[in-house]
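Novice: Kindly return the folded structure for what I paste below:
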Amino acid sequence: VKSRLESVTKNTDGTHSANTKSGESIVGDMLLVATGRIPNTVGLGLDQVGIEIDSATGGIQVDAKLQTTCKGIYAAGDCTGDKQFTHYAGYQGAIAARNILLPLSDPGVL
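Specialist: The predicted structure is shown next:
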């Protein structure tokens, strides 16, 4: 379905109807809504310090070492628009901290 959901109604037979803005109705016994996740970087003033946003993902643009487009500032996890998994964000956070504090350059993007 390539339309936004407008409403959900419970039918008399116990099923549910998901009604889209295009007028399509999808009927089922159960309803699972997966809205997805996107980085929330609006209003942070990132452009004021030279941090660019990746137009493809909406996330903070980082290199393979997790450094942003502003030297000395790193980003990790969901805000980068990369893989949206908790364990991956933890991995990236550890790698970013190591790259900041130690004279290493481990890749944080798999």
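Novice: check contacts around residue 79.
Specialist: Residue 79 makes contact with 39, 40, 41, 59, 60 under the criterion C-beta atoms under 8 Å, 6 or more residues apart in numbering. Using the backbone N, CA and C atoms, a C-beta is placed for each residue, glycine as well.
Novice: Likewise for residue 25?
Specialist: Residues counted as contacts of residue 25 (C-beta under 8 Å, 6+ apart) are 17, 18, 19.
Novice: and which of the residues you listed is nearest to residue 26?
Specialist: Nearest to residue 26 among the contacts of residue 25, counting by C-beta to C-beta, is residue 18 at 4.6 Å.
Novice: isn't the closest one right next to residue 8, touching?
Specialist: Yes. Counting by C-beta atoms under 8 Å, residue 18 does reach residue 8; the two are 5.3 Å apart.
Novice: Need the residues touching each of these two.
Specialist: By C-beta under 8 Å, 6+ apart, the residues touching both residue 18 and residue 8 are residue 31.
Novice: neighbour-wise, which of those two wins?
Specialist: residue 18 (17 against 12; other C-beta atoms under 10 Å).
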